[in-house]
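>>> Generate a structure from the sequence data that follows.
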Amino acid sequence: MFTVIGVCTTSKIPLHHMNTIFLCRYIFMAANILATLMIIVFLVAFLVVRFKTVIEALLLRLFDYRIPVFLGYADDDYGFVRNILLPFLEGELQQTTYVHQRDLRGGFTDQQFFDAIRNSWRVLLVLSRNFLTKYDKAHNVMTYASHSVTAVNQHRLFVLLEESQVHAIPDYLDGLLDDTTIIPLPDLQQPLTYQQKQMIIECLRPTQ
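Here you go, the predicted structure:
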């Protein structure tokens, strides 16, 4: 009977070879980290350039705008604002609004309107027959609103337009609006439709 005895041999790697292997590993890891950082920097730079306006608008909204939405409307339309518009904006969307019949303080009304519009992220005007033909502050509010539109916040202004008043919008205001920022209303008695609500939501979003 034969017994087979296994002989285990170990080969030792010279120390300088081990140092070379470790050095290669470190170089490889460092190269991977550097490549990852370069990719991240490239992506960040691309996103900053691609979405520069949106980023600027968001930063301005965070640091420069104290009022999310200014509401410009005629005193006679307060029922529409209180019963239909505010439940949607402040209730469903959780947006703080400036409503002059609620938020005006003592002092000059025109100056308070000007300051409120300047400090608002969005300006929503309810262009009804009452507003365009009877409201004594309409011209000032529309003028302040038109002057509030800037290169960074180009979509600051949007309107709810009573359909019978489509030809009554002043030219200086109409030139700042388009199909996405004019939301038609048959009248101010009916609740907002799903489509009207979606258009308002889109107007409140930061845009490119």
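>>> who are the neighbours in contact with Phe113?
Phe113 is in contact with 72, 100, 137, 140-141, 144, counting by Cβ atoms under 8 Å, 6 or more residues apart in numbering. C-betas here are computed from N, CA, C, even on glycine.
>>> Mind putting those into JSON lines with neighbour count?
Shown next, in JSON lines, are the contacts of Phe113 (neighbours: other Cβ atoms under 10 Å):
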{"residue": "Gly72", "neighbour count": "27"}
{"residue": "His100", "neighbour count": "19"}
{"residue": "Lys137", "neighbour count": "16"}
{"residue": "Asn140", "neighbour count": "16"}
{"residue": "Val141", "neighbour count": "23"}
{"residue": "Tyr144", "neighbour count": "20"}
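>>> distance of Phe113 from Leu89?
Look at Phe113 and Leu89: by Cβ to Cβ, to the nearest Å, they are 19 Å apart.
>>> pLDDT below threshold where in this protein?
For the chain, the stretches with pLDDT under 70 are 1-19, 21-22, 45-63, 207-208.
>>> one more time with 80
1-26, 28, 30-31, 35, 41-64, 206-208 (pLDDT under 80).
>>> Now do the strands in it.
Taking DSSP state E to define them, one finds strands in the chain at 67-72, 97-99, 120-127, 157-162, 182-185.
>>> Can you tell me which of those strands is nearest to Ala35?
strand 120-127 (40.1 Å; Cβ to Cβ).
>>> the inter-axis angle of the closest one versus strand 67-72?
20 degrees (axes from the mean of the first three to the mean of the last three Cα atoms, to 10 degrees).
>>> Give the buried residues for stretch 132-147.
For stretch 132-147, a neighbour-count test (16 or more other Cβ atoms under 10 Å) marks 132, 135, 137-138, 140-142, 144-146 as buried.
>>> for stretch 150-168, that is, sorry about that
Burial within stretch 150-168, assessed by neighbour count using 16+ other Cβ under 10 Å, is assigned to 153, 155-162, 165.
>>> which residues does the residue nearest to Phe131 when sequence neighbours are not counted contact?
Nearest residue to Phe131, sequence neighbours excluded (Cβ to Cβ, 6 or more residues apart in numbering): Ala74, at 4.1 Å. Listed by Cβ under 8 Å, 6+ apart, the contact partners of Ala74 are 126, 128, 130-131, 134-135, 138.
>>> what's the farthest-apart pair in those residues?
Largest pairwise distance in those, by Cβ to Cβ, is 12.8 Å, between Val126 and Lys134.
>>> how does the chain divide into domains?
What automatic domain parsing lists as the domains of the chain is 16-50, 63-204.
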